[in-house]
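> Test case, fold it:
(2 chains)
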2 protein chains.
Amino acid sequence: MLGNFSYQNATKLYFGEDSLRFLKDELAKYGGKVQLIYGGGSVKRNGVYDAVTGILRECGRDFVEDGGVMPNPTADKLRDGVRIARENHVGLLLAVGGGSCCDYAKAVSVSVHCDDDPWEKYFERYEEPDCEILPVGCVLTMAGTGSEMNAGSVITNHEKKRKAGHVFGPEVMPKFSILNPRFTMSLPKRQMVAGIYDIFNHICEQYFSGEDDCTSDYIAEGLMKSVIHSSLIAIGNPEDYEARSNIMWTATWALNTLIECGKSTDWMVHMLGHSVGAYTGATHGMTLAAVSLPYYRHIMPFGLKRFARFATEVWQVDPAGRTDEEIAAEGLKEMESWMKKLGVALSISELGATEDMIEGIADGTVMLDGGYKKLTRDEVVQILRESLLPSA
Amino acid sequence: MLGNFSYQNATKLYFGEDSLRFLKDELAKYGGKVQLIYGGGSVKRNGVYDAVTGILRECGRDFVEDGGVMPNPTADKLRDGVRIARENHVGLLLAVGGGSCCDYAKAVSVSVHCDDDPWEKYFERYEEPDCEILPVGCVLTMAGTGSEMNAGSVITNHEKKRKAGHVFGPEVMPKFSILNPRFTMSLPKRQMVAGIYDIFNHICEQYFSGEDDCTSDYIAEGLMKSVIHSSLIAIGNPEDYEARSNIMWTATWALNTLIECGKSTDWMVHMLGHSVGAYTGATHGMTLAAVSLPYYRHIMPFGLKRFARFATEVWQVDPAGRTDEEIAAEGLKEMESWMKKLGVALSISELGATEDMIEGIADGTVMLDGGYKKLTRDEVVQILRESLLPSA
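Here you go, the predicted model:
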């Protein structure tokens, strides 16, 4: 813990099977019309939409519909959401869905009272909000992104083939989030495992950085062990409440700024994955899974001690009589074997990426400095080419 | 994670060697006079008092002194602090010290605008505040209690020989806390290790409860491993910044409600320790240490699986060829050996308790239901008698 930092996260979380009933208390805190944000309609099929609108009606709250938020919310959709909020004098943005709906709600929240184009201001120029920010609340139906308790927002611009994330300050975090593990149970298995891998990778991005002894890494190991353990139960029985609840809770704490405290962070898997996503439209978690192993095998020699610790602490690799290289490699092998059990994508070709896209995806990959090795463009191309190959 | 719960913790933390400079930003948020709360004068010797009052003067802020907060703040001192705040129309309670100062500041904060006697209202009748609550800020100089990011307050009534804790709602949590690990370095070693054991026991009290698979327990294991690792460095070299910073950070997260999420909790070691403290006036962390092993050995058979997990996950006990009983017992032996290295009290006789106090201490022990075994009064007496004996 050698770094200096500040930490504040005021989002109020209601967790459990009965948590939706607290929506009433939260609605009472915010005036104006409610903008009801949701995705492609799964919330209408699984009953969550009816439950939420029932509470809105019971509380006598006017609301305006803002459905159709896509898995990777677009700049055009964002502009449309801002227009809806303005035209209806909205006082609360209520996202009912997964990370995309939460991300989108936050992007709308900082744009309603701002004159600039939101894509350009926040996702090209990375400016900070200098206007009133609308309050955001979430009713979460998918575990993965952690968006329910952080200030991040990822928006995709198809014209520019760019998927960009902005991490705002604590004032952009949702005011409240309602987490009912049962709401995640109607998700198709492919979505569930993409979410699980997203959680795991969020932890990795913060874990694979730094050389000092830092409490954050011990917490990260605990979260990884919990999500691995519960994921293996959930793929066998997606209705296992205990496993789904642990997955939901690890998702929140994997990316609400706690485990980055005092640390540098990496985030290169996300940069590669975002660029793959901009080209293929593939599910976020799957793009991360597809590039992870080639990336980690590439940087392993530069962070060997940490990769060896990952192997022994997270995967219970027995270090006896082995070199750090062997221990570290064995850890990544264990991780690969777990990923196969989950059934996540292990190559970008499975996601529709082709050889001729590689240069473009490399061009779209933002190069960050914070992991064990700052990549050159040639290395990015090499990792992407390796990610094209089906896994052994 | 089978329990339903809500979580909110809005305390803003500034962590690191340069963190005191943020006091200026925080002062600007709160009007009125500042009540400067501190203990027996160590902050005057180590320069923290001068640094804080320098900033207050620089910001042109009037302040009133409220020093002399004792290690176990008393009901009489609390009444006095309330009087100071009222007479001076105080707008911010600024605690500069350890957990006692923070606990005391929170108790004052809920009592200034309340007509009832604070001891009777909050520590006998356990009522909730129904009045305006003054904002509290902390500049922490000792790591241990977690008081800097929670809503707990422990007050001692010598007349009644009672030491009682009240955990208030999130609105009583400090608005901000400044955590500079260097400020903890001038503590005498005995205070440092008492704080370390307090941290560890806070985690144990939340860990040794419940049978379900719960993410909170994985986080707890990470925190325990981090504080054990850093404590062994810090006892060799108290000036090791990395170790002291990890100890400070684990203290905060050991008791800010995170690791109790979704769980039942125990807290019987604290109940025993508080009663020992009320009789002996001994340092809080030392009273916990002195009763822990007899207590845990007593309840081990009732929570055998958890004690075995504690042994393998936290103490790396090799389970091969051993029964759960043997594994669990080995874990407590490892814990004892660590406590000896720390040099914490291993019997209540070291703290001044005598045979003739046992019945009184037992009478003062609040019996809680939440751990692996609800104790009878006879069992409390038995554990206290075992705690009188010097360790083997």
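
> So which residues on the stretch 201-350 of chain A come close to chain B?
Residues of the stretch 201-350 of chain A found near chain B (Cβ under 8 Å from any Cβ of the partner chain) are A:212-216, A:218-223, A:225-226, A:229-230, A:241-243, A:245-246, A:248-250, A:253, A:258, A:261-262. All C-beta atoms are positioned from the backbone trio N, CA, C, and that covers glycine.

> sorry, that was for the stretch 51-200 of chain A
A:P181.

> can you rerun that using 10 Å?
Counting by Cβ under 10 Å from any Cβ of the partner chain, the stretch 51-200 of chain A comes close to chain B at A:149, A:170, A:176-181.

> how about the residues you listed, which pair is most distant?
Longest distance between any two of these is 25.9 Å, between A:P170 and A:P181; criterion Cβ to Cβ.

> Which one's more surrounded, those two?
A:P181 (24 against 16; other Cβ atoms under 10 Å in any protein chain shown).

> is it true that the more buried one touches A:L140?
Yes: A:P181 lies in contact with A:L140 (Cβ atoms under 10 Å); the separation is 9.5 Å.

> Overlap of the contact sets of these two?
Shared contacts of A:P181 and A:L140, defined by Cβ atoms under 10 Å, 6 or more residues apart in numbering or on different chains, comprise A:15, A:19, A:248.

> hang on, isn't the first one packed against B:S6?
Yes: under the criterion of Cβ under 10 Å, A:F15 is in contact with B:S6, at a separation of 7.0 Å.

> list the residues that contact both of the two?
A:22, A:178, B:261.

> Neighbour-wise, give me the winner out of those.
A:I178 (27 neighbours).

> longest strand anywhere in chain A?
strand A:5-15 (DSSP state E).

> so what does that one touch, helix or strand wise?
helix A:23-27, strand A:136-140, strand A:176-179, helix A:241-254, strand B:5-15, strand B:176-179, helix B:241-254 (3 or more Cβ pairs under 10 Å, 6 or more residues apart in numbering or on different chains; DSSP states H and E).

> quick one, that strand and helix B:241-254 angle?
Interaxial angle of strand A:5-15 relative to helix B:241-254 (axes from the mean of the first three to the mean of the last three Cα atoms, to 10 degrees): 20 degrees.

> coming back round to it: neighbour count for A:F15 and B:S6, which is higher?
Neighbours per residue (other Cβ under 10 Å) separate A:F15 from B:S6, with A:F15 holding more: 25 against 17.

> Now do the same contact list for that one.
Contacts of A:F15 (Cβ under 10 Å, 6+ apart): A:22, A:140, A:177-181, A:245, A:248-249, A:252, B:1, B:3-7, B:261-262.

> so how far is A:F176 from it?
11 Å (Cβ to Cβ, to the nearest Å).

> shared neighbours, those two?
Common neighbours of A:F15 and A:F176 (Cβ under 10 Å, 6+ apart) are A:22, B:6.

> which stretches of chain A form strands?
A:5-15, A:33-38, A:63-66, A:90-97, A:136-140, A:152-157, A:162-167, A:176-179.

> Highest mean neighbour count out of the ones you listed?
strand A:136-140 (a mean of 29; mean count of other Cβ atoms under 10 Å in any protein chain shown).

> in its sheet, what does that strand sit against?
strand A:90-97 (parallel), strand A:176-179 (parallel) (DSSP bridges).

> Output the ones you listed in a markdown table; the columns should cover distance to A:I55.
Supplementary listing: these in a markdown table, determined by distance: least, Cβ to Cβ, whole Å:
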| stretch | distance to A:I55 |
| --- | --- |
| strand A:90-97 | 10 |
| strand A:176-179 | 10 |
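
> Show me the one of the ones you listed that comes nearest A:L346.
Here strand A:90-97 is closest among those (Cβ to Cβ), at 27.4 Å.

> Using PDB, write out every CA atom in the closest one.
Only the C-alpha atoms of strand A:90-97 are listed here, as PDB (Å, rounded to 0.1, in the frame of the first residue of the first chain):
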ATOM      1  CA  VAL A  90     -36.900  14.200 -15.800                       C
ATOM      2  CA  GLY A  91     -35.800  14.100 -12.100                       C
ATOM      3  CA  LEU A  92     -34.500  10.600 -11.800                       C
ATOM      4  CA  LEU A  93     -33.000   8.200 -14.200                       C
ATOM      5  CA  LEU A  94     -34.000   4.700 -13.300                       C
ATOM      6  CA  ALA A  95     -32.000   2.000 -15.100                       C
ATOM      7  CA  VAL A  96     -33.600  -1.500 -15.000                       C
ATOM      8  CA  GLY A  97     -31.200  -3.900 -16.600                       C
END
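
> so that strand versus strand A:33-38, what angle?
Using the same axes, to 10 degrees: strand A:90-97 against strand A:33-38 is 20 degrees.

> Let me see the mean pLDDT of strand A:90-97.
The average of the pLDDT scores along strand A:90-97 is 98.

> quick one: it to chain centroid distance?
19 Å (Cα atoms, centre = their mean, to the nearest Å).

> Repeat that for stretch A:271-282.
Centre to centre, stretch against its chain (Cα atoms, centre = their mean), the figure for stretch A:271-282 is 14 Å.

> Give the rounded mean pLDDT of it.
92.

> same deal with stretch A:233-252?
Computed over stretch A:233-252, the average pLDDT equals 98.

> quick check: longest helix of chain A.
helix A:215-236 (DSSP state H).

> The helix or strand bottoming out on mean pLDDT in chain A - contacts with which helices or strands?
Least confident helix or strand, chain A: strand A:162-167 with a mean of 89, by mean pLDDT, DSSP states H and E. Under the contact criterion of 3+ Cβ pairs under 10 Å, 6+ apart, strand A:162-167 touches helix A:99-109, strand A:152-157, helix A:268-280, helix A:358-364.

> Just name the most buried of those.
Taking mean count of other Cβ under 10 Å, helix A:99-109 is the most buried of the helices and strands packed on strand A:162-167, at a mean of 29.

> Next one: A:S177 from A:M248, what distance?
11 Å.

> Find residues that contact each of these two.
A:15, A:140, A:148.

> out of those residues, which one sits closest to chain B?
A:F15 (5.5 Å; Cβ to the nearest Cβ).

> Tell me the bridge partners for the closest one.
Here A:F15, judged by DSSP bridges, has bridge partners A:L179, B:F5.

> So for it, what's the pLDDT?
98.

> quick one, phi psi at the most centrally placed residue in chain A?
The centroid of chain A falls nearest to A:T145 when counting by Cα atoms, centre = their mean (2.5 Å). Dihedral angles of A:T145 (phi, psi; degrees, to the nearest 10) stand at phi -80, psi -20.
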